[in-house]
Structures are given as C-alpha cells and as structure tokens.
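Enquirer: predicted model, plus sequence, below.
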Amino acid sequence: MKLLKIILLFIGVLVSVSCEDDLNPFGEPDEKLILNCVLGGDRDTQIANFSRSYYVDNFDPYSYTDDNVIGDAHIRVWFEDSVKIFNDTIAQPGEGSKYEKPLKFYYHNSFVPAPDTDYEIEAALPDGRKLKSITHSPKLVKFSAAQSDTIIPPLEKDFVLIRWRSFEETPLYAASKFTFIYFKRENGINIRYVKDIPHKYEKHNGKNVPFFPEPSYISSIDVPLLTFETALEEIWDGVTPKEDYTILAFILETIIYDQNLTSYYASKAELEEGFSITVNEANYTNIEGGIGIFGSYIKQYRAIKFSHDYIRSFGYTPGLTE
Amino acid sequence: MKKTIKHTFVLVFVINLLLSLNIYSQQKGTLRGLVTDANNGESLAYGNALVTELNMGASTDERGYFVIPSIPANKYYKVKISYVGYQPKEINIFIRPNKVTHVDVELEPSSFELQTIEKVGKRVAEKNATDIGLQRISIKELESLPKGVETDIFRSLQYVPGVRTTGDVSAKYYVRGGAGDQNLVLLNGVTVYNPFHALGMFSIFDPEAINNVEFYKGGFSSEFGGRLSSVLKIITKDGNKNKFGAKFSGSYLTAKGLIEGPIPNGSFMITGRKSYSNDIMKKFMDDRDVPIDFYDASFKFNISPSFSPGTKIEVHGFTSKDNLEQNDPLEEDYKWENNLFAFKWLQVGEDTPLFFNLGLSVSTFSGEVIPNLSSTRPKSNDLTDITLDVDFSYVYDSKDELSVGLQIKDVETNLLLENNKGIISNVGSSGTKFNAFVKYEFLRFENFGMDVGSRVNMTFLSSKAGSVLEPRLNLTYNFSPLLTIKGAIGFFQQDLSTLSNEDDIITIFEPWLITPDYLNPSSATHYIVGLESHLTENLTLKMEAYYKDIQNLPAVNQNKFRASDPDFLDGTGEAYGWEALLRYNNDPINFTASYANAWAYKEVEGWLFYPKYDSRHTLNLGLEINLGYGWQTSIMWNFNTGLPFTKLTGYYDKFYIDDYFFGGNYFDTSRPFTLLDDKNLGRLPDYHRLDLSLTKKLELAFMKFELNFNIINVYDRKNIFYFRRDTGKRVNMLPILPTATIKMEL
C-alpha cells in the first residue's frame, strides 16, 4: 500500500509538470545580403535582385511584407572588355505575392548574353560592402541531323526523337520541350497561339495530366507520337470548325544551363521522398560575400517539318508548305 | 601481405606462449553441462552451475553450455544448477580423471512467473567475467519486457544506459555516440542489414522467437568485427523438443503465430507476423496516413544425430518485407526486404572441452523507391552478403579459454540512382574480406580475468586497406564482493556504411555502400573503465565510463551539387561519458534505475557539431511487481535532456527557378527560405514519458492466455519530435495511448 502511494504521488507530480515545454527555435538574427541574377540568352532584358534577409518571430515568413530590397546599390556585369551597368526601377508585385507595395529591382534592357563567355557580377553598397560572383555561359549545342527525326510523324516510328551534342568539358543540365504554333480563326481574325507538347500524358481521375521532362544531363528528347496527337486534339474547343485551325510549325525549344544553374538544379533533385522528414533543405549559392545565385542559360530552337496529311487527319489546316 | 604474415606469426607466437602457461593436472576432470527447459528443451543461456563443495562455478553460454574444469577427480560432487524463473536443481556427479564428464540438466519452470531469483552460484561464476559493456537479456527477461504497441527488442534497448533513440517514432538506436549504421545486428550469428519495419518504427524480430540476447555497448571482444559501436547478438529458440505447440497473438498492429515441435533427433520452429491495420501508425506520424503493409517469417530446424554425439546441425531462414503503396500514380511507392538463409554445424568434443562451429550464410537486403509519376527520383539498393565462419573454442584445465576463428565475407552492393546523371547509374561495388580472430581468456585466477585478442584482416571489402590488426583487451579484477573493477580497450574498423543524411528526422531509404575508394575504412578506439558492486544480496550497482575516438567517419556530403562531387566526406567523431545501473531484485519487486551522462561530437570539413542523438542526461526508472495469481505490472519512466537541433536565424527570399523555361519574374518565383544558425547548437525541450503495463496470465482448459494492457505516455507529455521550419508547426511524439495485446498458447 505504501508503495502504491509512492507511485501515485510520483505520477501526480509528473502530471502536474507535464505541460508542453516551450521551444524557442530562433537563434540570434543574422543579416545576410542576397543577390540573384540569371542571364537569359533568349531575351535582351536582364534582371538582378538585391535584398537583405529578414527576421520574424512567428514562423510565418509571409507575415513579413516590408520592402527588403536594397535600393541604393551599384550592380555591374563585366564580360570581355565591356561592362553593363544595371539601372533600378520598380514593379508591381505579381498576383499572390506577399509584398503589397511596388518593389525595386535592377535591370539592363539591351543585354543579350552570348554563349561561351565569362561574366562577372558585382553588387556594391554605399558602405563599401561588395558581393561578387562569376559565371560562364554555355556553349551552343549542335543538333544531330543524322540521329534526329526531321519530319512529324516520323516514318515507321511511334515517337519523335531529337538529339544534340554538347561541346562542354563538364556535362551541363538541359531541358527541352516541343511546341507547335497555330492560328485559330475567331470572328474572322486569325489569332496566334502556342501549344506546349508534354513529354507524356497520364490519366488521373479521368483527365489527361501532362508531364514535362525535368532538367537533366540527357542530351536528347523523345516524345511518343500519341502525345503529339493528344496535344493536337486538345486545342480544339469543340465548337469552332476544325478547318479554322491552321497549324503553322512544330518547334523544339532547348535550354542549356551553365554550371551554376546545373548545380542549383542538382541540389533540388536531391530533395527527399515524401516520407522522409528532412529539416535542412539543400541550398546552392554561389555569391561571394552573401547568398543567392548568379547563372546563365542559352536557349536554342529547332523547327521540325510536318506532313500535311498528318495535320489534315485531325481535320486541321496545314499552314506552311510541306 | 608480408606485413600480414609477420603479424600472424607474432600472434601465433603469443598464443603458444600463453598455452605454455597452462597448468597440467592428471588427477583432475572437467564438468560440462547443457542446461535446458524441462518443458520444451530450449537451452537456457546465462544460468549458473555451482560445485557447492568447492565453491567453483560457471555460467551457461548462449547455447546453454557450461564448463567447469580442474575439478579434483574420482569423486562425487553435488552440483547446483539455477536459473531465473526456474526451480533450482541439485545433482550428484562423479568426476572422471582427465575426462570431460557431460551432464544434461533439465530445469522445471517456477510455478509462477518471476519467482524469487536464485542467486546461488551467480556471484561465484561472474567474479572474473570479462563482460564490461555487456548487457544480457535472458528468455525470462524477454517475457517481461514492456509491451507497448508491439513488444520490441530494440525499443527495450533504449532503457540500457548509453543507448539513445531520437524519439518514440523510431526504434533505431545509437550507442555511446556512435551512428546507427555502426551497430552490428546478428541473428544466429548472421548479419541483418536493415532490421526495421515501417520506417524504422519497429524491429523485424519477433520476441516470441528469441531465446536470448547479448548486447555489447563497446569494447567487444575480437570475435566480433565490421562495426565501430555495438553488437546485438540475437539467438532464436530451437523449438519445443518434447511436444507440438502453437502460439498466436494479436496487437492493434499485427497478428502473429508460432508453431513448434519435435522432429526425429531435433526440433523445429516456424513463425510468421503480418500487419493488418495502419490506424495505430497514424499516431506515430502526426495523423498522417501511412499505408504500410509488412510481414516477417522465420524458420529454424535443428537436429542432433544420434550416431554423432555432440553434433548439432541447424538450418534457419528469415524473411521480412515492407511495402508502402500509396495507390496514387502521382505518389511514389517504397518497398524493402531482408532475406537470410543459414546453415550451422556445432560440434561439441566428446571427451574434450572443445567447441567447433561452422556456419555458412547468405543475407540480403534490398530497398527501392518507385517514383511512379511523382517528381521523386527512382532509387534502388541491394546488398548480398555471403559469409563462411569457422571457429573453435577450447577450455583448458586452468579454466582459460582459447578461441580462434576464420571468416570469409563476400559482399556485393548495388545502388542504382537516376538523379546524378539523368540516367540510371550504379554506384555500388563488391569485395571479399578474409579475416580471422584469436581470443585468449585468462580465467585461471579467481579474482582476475583477462580477455586478450585481435582480429586479423587479410583483405578488406573496400579497395583501400585499413589496419591489419584490431587488437582488443578486456580486464576484470575482483577486489572484494563489494568491488569489481573492469576495463577494456579495443580498436575497431568498419568498411560498410549507409548513405543516409543524419539531418533527416526519418529516412526511408538508407542504402548500404562499401566505403568508396577515396576514403579509408573508418576506425574507432574504445577506452572503457567500470566497476561493479553487489551492495547487498539484492542490490547491484554497475558504473562505466568510456571514451571513443572515431576516425575516417564517412559523412554524407550535404553540398553534393555536381555528379562528380563525392557522396561521402571524411569526418571524425568523439564520444565520452559515464553510466550507472542500479538493480534491486527482491521478489516480488524488481527495480532498475539507469543514468547516463554523455557527450558526442562530430567534425566534418572543419565544422564541429553535436550529432542528432547527443543527449546530455538520460535517466530510466523501471519497476516490475509480481502481484501474484498470474498478475504482473510494470512501470517505466524515461527522461532525457533535449536533443540538438539547428536554430533558425531569419529568412530570405530565395529565387526558385521553378519554370525552367523561365517565363516568370523575380518576385513571382521568390519564396521565403530559412537561414540557419550553426548546426545543432539548439536543444529541444527535455523528453519524459511514463508507461504502465498490466499483464494477466491464465489457463483455460488446454490453452494458456496472456492478456496485456498498456498505457503509453500516461500523463500525455507533449514531447516534441520536430518542428517544421516552413510553417513552425510543432510535431509531437506519441500522445497518451492505451494499447492491448492478447496471446494464446496451445
């Protein structure tokens, strides 16, 4: 009986102290400077973003809506014997952004990075602090005529294959997709549209779900003809006569990422499966004096001919000469 | 190779020198016994035998054998055999000169469980035992383990001082600052590589099938190799040698069965367990649905041919499989399995105290991540281990014991990954390890024991060779009944490890890899000192202090961004601490208190940090009371100070290139990303939990029943498991959870 009393007393004490202990997961705030700039070879306006880290003590970083952009910096990009000085401007945040006020960013609107070129970025603050990084834009790839299909649909095959050759010493990530351009006659006017063709479709809950290839080291793309057919059928709205659809061209878009962006994607690829509980996400940064990413990519296009009979088999009008 | 021959020569020389020290006596004889359960013939490990007149004794080994040499011959002696939970037995034996007198002893189980523990012989037998760091769990202790959701041998290890887990959710354990893959798990002497079910929540071993367990926390002797931290040696039952029987039991999670019975000159046992409900699993995973289906099955056949006295041949097998199928093409699936098949030949010398073991085994592990249409990358890992073991042990008249053995281990690993190359690539390898061990136990002095030996590595699994010798030394000196001092020092190597990120709270895919050629095999040196005191007849205190130095510790490369970056980095580790274990046994009360004060560090690329299982203070209290009439209750309380975690120091808007065709603007593709403090500098709140268990055993007609009712986390302590940095959501471990199991025995 005495033992029972002792046990009950012990449990009673435990129950009284069993409330949830508070946890303070926050360490000392540590301000970091963040510089992001990806030079795109498919556009003439390049954008850089320069900001500082922020601190909230409520676990909800979306509750921080103050402007954290560093607005009085000098951002320059050097290459060969030239320099591009970025200007600052403001833009409205996109829909769904946590920021409500216009945000400042840096840009240069006549700058198309060339392939196979060294670039160096420098962001300098008035207090003398500087962030730096370098990148080397990828070399152009060469599409293989001998190993690629040249017409859609290919002869005696049920998929479309395009291969290319890289001239890089270190493999780089690439991503590619097929698109087709078409006109749709609406109220007597031809409206231009672009339709992406995924790598494949899978049925999910009775609907076609498109899957696009992830960036990878693979230097080819092959897409089943069935996927082309599904994409071609998807553009019909069910009302407009099919002959009012004019298919103009099939295009392959291929993006080649530089070494920095390749590493960025590789770090994302290491994200674990859904049942692993990971608390530290891999984070690739390559900015000296801060964090962020400076990288570049080039985009190449290749048109593929198509058979007019193939287009007509869908009821559409082929647009260009065969 | 020249060096190896030289080392082997030195060893042989030392052994010869040791042998020459043996005292030769012509008028003495040796008593050897095999102690078994009278009801089922199962061997009883860790029992005691005492020649009362001479006050000479010995403990039974894991096979149930004891050997008492150097007994003056040509005379009858009374020998008392005792074992926890069994009625002691006294027999008269005539000791023949210069011969081995063999006796088979059958003990009757006590009329009710956990009867008074018979102490006779125990202290005599253990006076000079070189057993520092060793925890033994006998067949009777297994029966009284806390049941929880599912009785689990691994979960029970967490009550051993020096053993840590990272929470209620995982049965994975860490020993004295070592990583999880540094623990060797042996089932009947065969390595099991992934001994876990259901994301590591439970072990794959059914306690019903286990005869005894030996757990070495460090400083283990030279018969064990290939791991840096600990050895868990599990011996399964042989099966009832006298009659056919069956046991069935069910919990909230699984249903299981066991059938056993005699066969000509032997016995067999077949077990099976299958999960049937996932409801309880949600409690472990924050109410998340975990669609896991798992099973395991084992068999063991053994025969002792009548035409070959002293021979025992065993064939045993084991399989376990887990499937996690989400039945959604957009979600990934997982599966992993272990398979094991082994043949064992034990030969006991007919007229000589010689034991010979030959074992041939195949152990495989495979795990796979099947991505379906999810963005998860496909991965698969398989490992095949084929091992041949031969070992001898001989007990001299002086009581000294010599053991030598040879092991040939061929391991092949395959790890198929897609993520690094965009195509499937295999980063596995294979290797064959030739290694031997020699161990000499000085047990001739009543108050002093020494175990000296070494492993001799002729080749390694990895292409980079480590040290040829792995010397081990274990000492015991008994000053008085009140004080025994013990110590151990040893060098250990490991060239097979898992590629798992230690920062993961739960890792579902942990592939095994042979140490790659750019790293050296990892090694550790253990230094252990301890004392043992039998303060009273019922009260025992054990204390141990240890220091462990780990070199060439493979650490997962957290910054592997390129295909050419290595998967592992070279790290180091250090662990030290002290532990105390207090036991009070006085029927009907059994009280255990254990405390550990420990420090563990790791260093990778110049960064020193606490590993995730580093806890400064651990206290476990356990009380078992036999209430009589088949009722038994136990109370377990576990406390440990907080585990490390990495604090966050702020956020920044990370630029996510989600659309690789780069259609968006910067502000749409930026999302908050956490900035972290130095690794593992923070501490989670302290953990404590109280579990209650009540068991009733009863017999109805020809059936025996055992009903067990448990309450896990009686006072509903909100022990934190982790918090999500992205949402700040706190995820706690098990809430208050009543569970029940029922067992039926025919």
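Expert: The structure has been received and is ready for your questions.

Enquirer: every contact and neighbour count from this point should use C-alpha atoms.
Expert: OK.

Enquirer: and the strands in the stretch 101-250 of chain A, which stretches?
Expert: Applying DSSP state E, counting those that start in this stretch to the stretch 101-250 of chain A gives strands spanning A:103-108, A:118-124, A:130-136, A:142-143, A:151-152, A:159-165, A:174-186, A:189-197, A:200-204, A:207-211, A:220-224, A:245-257.

Enquirer: orientation of the last one relative to strand A:220-224 in degrees?
Expert: Interaxial angle, strand A:245-257 versus strand A:220-224 (axes from the mean of the first three to the mean of the last three CA atoms, to 10 degrees): 150 degrees.

Enquirer: after strand A:245-257, which helix or strand is next?
Expert: helix A:259-269 (DSSP states H and E).

Enquirer: pull the CA atoms of that next one into CSV?
Expert: Presented in CSV, the C-alpha positions along helix A:259-269 are these (Å, rounded to 0.1, in the frame of the first residue of the first chain):
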residue,chain,number,x,y,z
GLN,A,259,27.5,25.1,-64.4
ASN,A,260,25.9,27.2,-61.6
LEU,A,261,22.4,26.6,-62.6
THR,A,262,23.2,22.9,-63.2
SER,A,263,24.4,22.7,-59.6
TYR,A,264,21.3,24.6,-58.5
TYR,A,265,19.0,22.0,-60.2
ALA,A,266,21.1,19.1,-59.0
SER,A,267,20.7,20.3,-55.4
LYS,A,268,16.9,20.5,-55.9
ALA,A,269,17.0,17.0,-57.4
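
Enquirer: what does stretch A:287-296 contact?
Expert: Contact partners of stretch A:287-296, identified using CA atoms under 8 Å, 6 or more residues apart in numbering or on different chains, comprise A:32-41, A:121, A:130-138, A:257-261, A:284-286, B:654-655.

Enquirer: now the helices for the stretch 251-400 of chain B?
Expert: Assigned by DSSP state H, counting those that start in this stretch, the helices in the stretch 251-400 of chain B fall at B:279-284.

Enquirer: gap between residue B:400 and residue B:711?
Expert: 48 Å (CA to CA, to the nearest Å).

Enquirer: each with direction, which strands does the helix or strand that residue B:234 is a member of pair with?
Expert: Residue B:234 belongs to strand B:230-236 when assigned by DSSP H and E. In the sheet, strand B:230-236 lines up against strand B:183-187 (parallel), strand B:210-216 (antiparallel) (DSSP bridges).

Enquirer: pretty sure residue B:319 is touching residue B:299, no?
Expert: No. Contact criterion CA atoms under 8 Å: residue B:319 and residue B:299 do not qualify, at 9.3 Å.

Enquirer: low-confidence ranges in chain A?
Expert: Across chain A, the ranges flagged by pLDDT under 70 are A:1-8, A:10-20, A:268-282, A:321-322.

Enquirer: where does the stretch 51-200 of chain B have low pLDDT?
Expert: Flagging of the stretch 51-200 of chain B using pLDDT under 70 yields the residue ranges B:111-126, B:139-140, B:142-149, B:199.

Enquirer: residue boundaries of the strands in it?
Expert: Secondary structure of the stretch 51-200 of chain B (DSSP E, counting those that start in this stretch): strands located at B:56-59, B:65-72, B:75-82, B:89-95, B:100-107, B:134-137, B:163-164, B:174-175, B:183-187, B:190-191, B:196-197.

Enquirer: redo those strands as TSV? Include distance to residue B:313 and mean neighbour count.
Expert: Putting the strands of the stretch 51-200 of chain B into TSV (distance: least, CA to CA, whole Å; neighbours: other CA atoms under 10 Å in any protein chain shown) gives the following:
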stretch	distance to residue B:313	mean neighbour count
strand B:56-59	23	24
strand B:65-72	16	23
strand B:75-82	26	19
strand B:89-95	28	15
strand B:100-107	18	19
strand B:134-137	25	17
strand B:163-164	35	22
strand B:174-175	34	26
strand B:183-187	16	22
strand B:190-191	15	22
strand B:196-197	28	24
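
Enquirer: any chance of JSON lines for these, columns distance to residue B:274?
Expert: Listed next are these as JSON lines, based on distance: least, CA to CA, whole Å:
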{"stretch": "strand B:56-59", "distance to residue B:274": "37"}
{"stretch": "strand B:65-72", "distance to residue B:274": "35"}
{"stretch": "strand B:75-82", "distance to residue B:274": "37"}
{"stretch": "strand B:89-95", "distance to residue B:274": "40"}
{"stretch": "strand B:100-107", "distance to residue B:274": "34"}
{"stretch": "strand B:134-137", "distance to residue B:274": "25"}
{"stretch": "strand B:163-164", "distance to residue B:274": "28"}
{"stretch": "strand B:174-175", "distance to residue B:274": "27"}
{"stretch": "strand B:183-187", "distance to residue B:274": "20"}
{"stretch": "strand B:190-191", "distance to residue B:274": "23"}
{"stretch": "strand B:196-197", "distance to residue B:274": "11"}
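
Enquirer: nothing else from me, thank you.
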